[in-house]
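K.L.:
Just to be clear, the model below is a prediction. Sequence and coordinates:
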Amino acid sequence: MSEQNGSVTTLSIDIGGSGIKAMVLSADGTPLTERNRVDTPKPAKPEPVIEAIAQIAASKGNFDRVSVGFPGVVRNGVIGTAANLDRDWINFDLRTTLEEKLGKPVRVANDADIQGLGAISGQGVELVITLGTGFGSALFVDGKLVPNLELGHHQFRKGETYEQELGRASYDKIGKRRWNSRLEKAIAALEYTFNYDYLYIGGGNANKITFELPPNVKTVPNVSGILGGIALWRE
Ligand code: BGC
């Protein structure tokens, strides 16, 4: 394995509905390169997305292994859902395909799970939501992930799901003020449902929040969606 800063290096990739982001991390999760971003190909089918990842990987120099955050349910590297990409992803073995393409070990997880791994304290009930193209969610109990939580597609209000009410398409349609008022209601509903100790809010639109958050709620920088990639290699 190549040595950079005396440690194994990880190419961490975040596949989003609008952009694919990447960065190389040291074994302790310190960024070793800039964060690069390319637009997610449209239509976002597996082949062009994998091609885009291969191009980013080629531009990043040396790395030993790869972590990928995917915007849908992932089981053992195989995609279960991909609401904001393309139906062709369903049942697609992303881990094996990327391992063959890049010639490195690959681990794949849900994007919100990775965001959470980069943000949580590891104590108590910690809920993570991500506000981007979609609405991501991850629940941790004393640092242990409760797998495959998909709050985004659950009913929130007025017959609409959290994602329909708070995803990027809705933000663009209703504007900042109404989106913030919805988010405030969503936080209240989530607190009532999960009785979490902490709620973390990440994703590209987390910086659009204008109201004061309750003391047990905090925003996390979008970069944790990449930094958390290192956690996939913890034993
Ligand atoms: C997907 C989630 C994902 C979220 C954020 C949702 O549409 O179902 O799995 O975490 O978008 O990308």
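P.N.:
Okay, I see it. Numbers count the residues shown, from 1 in each chain.
K.L.:
Residue of this structure nearest the ligand, please.
P.N.:
Nearest residue of the chain to the ligand (CB to the nearest ligand atom) works out as residue 134 at 2.4 Å. For the C-beta atoms, the positions are set from N, CA and C on the backbone; glycine is no exception.
K.L.:
And the pLDDT at the nearest residue to that residue once chain neighbours are set aside?
P.N.:
Counting by CB to CB, 6 or more residues apart in numbering, residue 84 is the residue found nearest to residue 134 once chain neighbours are left out, at 4.8 Å. Here, the pLDDT recorded for residue 84 equals 96.
K.L.:
hang on, residue 84 packs against residue 133?
P.N.:
Yes - at 5.0 Å, residue 84 counts as touching residue 133 under the criterion of CB atoms under 8 Å.
K.L.:
what touches both of these two?
P.N.:
Residues touching both residue 84 and residue 133 (CB atoms under 8 Å, 6 or more residues apart in numbering) are 17, 71.
K.L.:
In this structure, what helix or strand scores lowest on average pLDDT?
P.N.:
Here the helix or strand of the chain ranked lowest by mean pLDDT, DSSP states H and E is helix 224-227, holding a mean of 92.
K.L.:
just checking, what packs against that helix?
P.N.:
Judged by 3 or more CB pairs under 8 Å, 6 or more residues apart in numbering; DSSP states H and E, helix 224-227 is in contact with strand 10-15, strand 19-25, helix 111-117.
K.L.:
Please identify the buried residues of stretch 122-130?
P.N.:
For stretch 122-130, burial by neighbour count (16 or more other CB atoms under 10 Å) applies to 126-130.
K.L.:
For this structure, what lies in contact range of the ligand?
P.N.:
Neighbours of the ligand within the chain, by CB under 6 Å from any ligand atom: 71-73, 81, 83-84, 110-112, 130, 132, 134-136, 150, 152, 163.
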